[in-house]
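Peer 1: Sequence and predicted structure, then a few things I'm wondering about:
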There are 2 protein chains.
Amino acid sequence: MFKIKHADSTTEARTGELKTAHGIAKTPFFMPVATKLTVKHVTPMELEEMDTQAIITNAYIDSLRPGLDIIKKYGGVHKLMNFHRTIFSDSGGFQTLSDTFLQEATDKGAKFTDPFSGVVKQHTPEQIIQIERELGSDVAMCLDHVPKKGMTAEQVADATRRTHLWAERCKRYHDAHDNKDYYDRRQLLFGIAQGGLDKNLREKSAEFMNKLDFDGVAMGGLCIGEKKEEMFNAVKWQIPHFSKDKPRYLMGVGSPEDIIEAVSLGVDCFDSIYPTQNARHCHIFTSKGTIKLDRGKYREDMSPLDPECDCYVCKNFTRAYLHHLSRSFEWTHHRYLSYHNVYFVVKFVERLRKALDKGEFKDFKKEFLQEYKKMGKDR
Amino acid sequence: MFKIKHADSTTEARTGELKTAHGIAKTPFFMPVATKLTVKHVTPMELEEMDTQAIITNAYIDSLRPGLDIIKKYGGVHKLMNFHRTIFSDSGGFQTLSDTFLQEATDKGAKFTDPFSGVVKQHTPEQIIQIERELGSDVAMCLDHVPKKGMTAEQVADATRRTHLWAERCKRYHDAHDNKDYYDRRQLLFGIAQGGLDKNLREKSAEFMNKLDFDGVAMGGLCIGEKKEEMFNAVKWQIPHFSKDKPRYLMGVGSPEDIIEAVSLGVDCFDSIYPTQNARHCHIFTSKGTIKLDRGKYREDMSPLDPECDCYVCKNFTRAYLHHLSRSFEWTHHRYLSYHNVYFVVKFVERLRKALDKGEFKDFKKEFLQEYKKMGKDR
């Protein structure tokens, strides 16, 4: 199911292959986010063309709209959205951070408000896994209770304890149900370790999840406003407690510089809205750092977004033209900028994999960061 | 410059070829609108792939943003927006209808407010032609004064007189300036006949424009709120006064049923925001009429937007999925729906040309309208 291909000699980084019902996803990989069954402004055909290994959707939100009846009628989310590769489904655990969604988290489950109908409904860990099975995603994530900023140490400990309890129930339910009753294929299940920013809780949570013997383990509750150092500390505390032979997924990351750092700590999978969200604010990734394209200084800039990029946007349009579209609030600029940013990150991780396989990761990392930080922030 | 290929024996319809600096545009053709140098939600590559013969931009608005300095730096609008086929430029005459733009129309010219800076500036017909020359469009349109709904007969007559005066000055200025000083290619110039809904004025205006011997003649001030019958009357009054050997352009049209009707009256060129604007409101063209995709009845509809369409949207997605995206306000739905509607109209006109060339126009028109009106309006 997961096979390590090459382990770096100087860091914890490794390449591998995650085998799912929809083929091989080469690790490390970055997943664009398709919360409502589409990546914002980017098509599934474009994602396949740029060789995106996997994407992630949101089980809880998909179950509300378009609804499980529609999804099952299609034979699962792949056919519905016309994406033929690996699809992860997040559980709705991320929505425990949101006051719009979460009414109450108890040991029984998460009580969510459906934002479309206003109806409040209890969701047990078992029900969430059932939703994910009906979606037909390749990799289901356990329901977790993500500790919010401002929680007391006691509350964080309690949310972590609850996450463990829920994880056990998710695992038990998933194991007890033959996945073949829906789509005749095996669905993988990943656990999510939490623990806030507390060393002891993070370690214990990693240990706990590791013991449950999931198909993969994730680190959750990070990249949600804490300092970079705090985030990487949590990763460093948890990774040693995970078996080497399971894929490790850092949820919510992100930026090229964070991805490369996390890879060298031993992380294999990532997901984030970072490229698409940045694109919509005209923050564009280039080999020399990000540029803020709607600034006046790009009005006459005849170069492509990134002279080193070979995406269709960089091959066909200039910064000046894209600047014009963004200043004119023309819809096409979102499309071009989102495509470029997603392409940039997907191809960056592809190059990173290749460097690892050739045993050149250390040099690649050094050179990439040197170039990427050259310009400083253009904001 | 314009060559008639096949004239229909039963109607005034004909096929032909309009030769411009960017190749041959087969007539009849429909132009998607790229007011600010992009069609909304559709890329120039997509337009070329679907074999769009020509598009139209707006000279006055382009001169404000991105500005003529940028456009000239690129060597014209084709290179700036990466479209390699025929580009028409409207003059800004359409903006004489808008209170946001027009401050005053006098014989001297149109006094427009720049909506970006708030600055009010006089634009003479000569200055507008100069702008169009600097854009490097293939076909420039004369500045016209479009009579607004609610104008008295006297005001309409005065606007028409002014349109004639301006047309003469546009022609004189265009003739006097060798177009080669910018882009080493000849720019065509079309006159625009006006006349409101008055038979006598329409006839006189057509006669006047015909005499000025433009490269082509347009009928303006139509499809702006008048009745269908009134619009077609104006076309019927004007067409007999145009030489058969010049291309005839009906501005602002439009829908498949109006295009086919106008073609049978002898019209060769069309432009309209109709396909893209309809798409943004989920009005989707199909061979059996328009559907309103965001209605609940499409929630479970597993068929493509139009079962007879071979565009990539129809080949890859269902109504149910696109309904979901539109109800979730996901950006990609605009993109898919706009593409389909533009494709539908461009391919419809292509089929219409082929039917004409084969001498089968009458049957094609009958069958198309029979099918297209089958469903009635789904609103």
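Peer 2: Nice, I can see it. Residues are numbered from 1 along each chain as shown, chains lettered A, B, ... in the order given.
Peer 1: residue contacts, the residue of the stretch 101-250 of chain A at minimum distance from chain B?
Peer 2: Taking CB to the nearest CB as the measure, the stretch 101-250 of chain A has A:Phe116 as its residue closest to chain B, at 9.1 Å. Any C-beta I mention is one placed from the backbone N, CA and C, and that applies to glycine too. Taking CB atoms under 8 Å, 6 or more residues apart in numbering or on different chains, we find A:Phe116 in contact with A:64-65.
Peer 1: For my notes, confirm it occurs in a helix.
Peer 2: No. Checked against DSSP: H, G, I helix; E, B strand; the rest coil, A:Phe116 lies outside a helix; its state is coil.
Peer 1: Near chain B, which residues of the stretch 251-379 of chain A? Just list them.
Peer 2: Within reach of chain B by CB under 8 Å from any CB of the partner chain, the stretch 251-379 of chain A has these residues: A:299-300, A:302, A:312, A:316-318, A:320-321, A:323-325, A:327-328, A:330-332, A:334-336.
Peer 1: May I see the PyMOL selection of the buried members of these?
Peer 2: The PyMOL command for the buried members of those (criterion: 16 or more other CB atoms under 10 Å in any protein chain shown) is given here:
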select buried, chain A and resi 299+300+312+317+318+320+321+323+324+325+327+328+330+331+332+334+335+336
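Peer 1: Inside helices: which ones of the residues of the stretch 251-379 of chain A next to chain B?
Peer 2: Using DSSP state H, the subset of these located in helices is A:312, A:316, A:320-321, A:323-325, A:327, A:332, A:334-336.
Peer 1: List the contacts of A:Phe368.
Peer 2: Applying CB under 8 Å, 6+ apart to A:Phe368 gives the contacts A:256, A:260, A:348, A:352.
Peer 1: Just the strands from the stretch 51-200 of chain A, written as ranges.
Peer 2: Residue ranges of the strands in the stretch 51-200 of chain A, as given by DSSP state E, counting those that start in this stretch, are A:54-58, A:86-90, A:102-105, A:110-113, A:120-123, A:139-141, A:188-193.
Peer 1: other SSEs contacting the first one?
Peer 2: Right, the one you point to is strand A:54-58. In terms of contacts (3 or more CB pairs under 8 Å, 6 or more residues apart in numbering or on different chains; DSSP states H and E), strand A:54-58 is packed against strand A:29-32, strand A:86-90.
Peer 1: ok, A:Ile260 to A:Phe348 distance?
Peer 2: In this structure, A:Ile260 and A:Phe348 are 8 Å apart, going by CB to CB, to the nearest Å.
Peer 1: which one of the two has more residues nearby?
Peer 2: A:Ile260 (21 against 18; other CB atoms under 10 Å in any protein chain shown).
Peer 1: For the helix or strand hosting that one, output the C-alpha coordinates as PDB.
Peer 2: For A:Ile260, the host element (DSSP states H and E) is helix A:256-264. Extracted C-alpha coordinates of helix A:256-264, given in PDB (Å, rounded to 0.1, in the frame of the first residue of the first chain):
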ATOM      1  CA  PRO A 256       6.900  26.000  -1.100                       C
ATOM      2  CA  GLU A 257       9.200  26.900   1.700                       C
ATOM      3  CA  ASP A 258       7.100  25.100   4.400                       C
ATOM      4  CA  ILE A 259       6.700  22.000   2.200                       C
ATOM      5  CA  ILE A 260      10.400  21.600   1.600                       C
ATOM      6  CA  GLU A 261      11.200  22.000   5.300                       C
ATOM      7  CA  ALA A 262       8.500  19.500   6.200                       C
ATOM      8  CA  VAL A 263       9.700  17.000   3.600                       C
ATOM      9  CA  SER A 264      13.200  17.100   5.100                       C
END
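Peer 1: Tell me which other helices or strands that helix touches.
Peer 2: The contact analysis (3+ CB pairs under 8 Å, 6+ apart) places helix A:256-264 against helix A:228-238, helix A:332-357, helix A:361-372.
Peer 1: Please point out which parts of it sit buried.
Peer 2: Those would be A:256, A:258-264, for helix A:256-264 by 16+ other CB under 10 Å.
Peer 1: which one among those residues gets closest to chain B?
Peer 2: Of all the buried residues of helix A:256-264, A:Pro256 has the smallest distance to chain B: 23.8 Å, by CB to the nearest CB.
Peer 1: Could you check how far the residue lying closest to that closest one once chain neighbours are set aside is from chain B?
Peer 2: Nearest in space to A:Pro256, with sequence neighbours left out and distances taken as CB to CB, 6 or more residues apart in numbering or on different chains, is A:Phe348 at 5.2 Å. Counting by CB to the nearest CB, to the nearest Å, the separation of A:Phe348 from chain B is 23 Å.
Peer 1: Also A:Arg353?
Peer 2: Distance, A:Arg353 to chain B, by CB to the nearest CB: 28 Å.
Peer 1: same thing with A:Leu293?
Peer 2: Applying CB to the nearest CB to A:Leu293 and chain B gives a distance of 13 Å.
Peer 1: just checking, that residue touches A:Cys282?
Peer 2: Yes. With contact defined as CB atoms under 8 Å, A:Leu293 counts as touching A:Cys282 (4.4 Å).
Peer 1: Give me the more crowded residue out of the two.
Peer 2: A:Leu293 (25 against 20).
Peer 1: Deepest in the core, which of the helices and strands packed on helix A:256-264 is it.
Peer 2: Ranked by mean neighbour count, the helices and strands packed on helix A:256-264 are led by helix A:332-357 with a mean of 22 (mean count of other CB atoms under 10 Å in any protein chain shown).
Peer 1: could you give the angle of it to helix A:361-372?
Peer 2: Interaxial angle of helix A:332-357 relative to helix A:361-372 (axes from the mean of the first three to the mean of the last three CA atoms, to 10 degrees): 150 degrees.
Peer 1: Now for A:Leu293 and A:Cys282: what residues contact both?
Peer 2: With CB under 8 Å, 6+ apart as the test, A:Leu293 and A:Cys282 both reach A:326, A:337.
Peer 1: quick one, what contacts A:Ile61?
Peer 2: A:Ile61 sits in contact with A:35-36, A:92, A:95, where contact means CB under 8 Å, 6+ apart.
Peer 1: pLDDT added to the buried residues of helix A:256-264, as CSV?
Peer 2: Listed next are the buried residues of helix A:256-264 as CSV, based on pLDDT from 0 to 100:
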residue, pLDDT
A:Pro256, 96
A:Asp258, 97
A:Ile259, 98
A:Ile260, 98
A:Glu261, 98
A:Ala262, 98
A:Val263, 98
A:Ser264, 98
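Peer 1: Looking at those residues, which is nearest B:Trp166?
Peer 2: A:Pro256 (55.4 Å; CB to CB).
Peer 1: list the contacts for that closest one?
Peer 2: Taking CB under 8 Å, 6+ apart, one finds A:285, A:344-345, A:348, A:368, A:372 in contact with A:Pro256.
Peer 1: so what's the residue of the stretch 251-379 of chain A found nearest chain B scoring on pLDDT?
Peer 2: Nearest residue of the stretch 251-379 of chain A to chain B: A:His324, at 3.9 Å (CB to the nearest CB). Listed pLDDT for A:His324 reads 97.
Peer 1: Give me the spatial nearest neighbour of it, chain neighbours excluded.
Peer 2: Spatial nearest neighbour of A:His324, chain neighbours left out: B:Pro66 (3.9 Å); criterion: CB to CB, 6+ apart.
Peer 1: what's around that neighbour, how many residues?
Peer 2: With neighbours defined by other CB under 10 Å, the count for B:Pro66 comes to 24.
Peer 1: Where does the prediction get shaky in chain A?
Peer 2: Scanning chain A for pLDDT under 70 picks out A:179-181, A:377, A:379.
Peer 1: give me that answer again for 80
Peer 2: Chain A contains residues with pLDDT under 80 at A:178-182, A:375-379.
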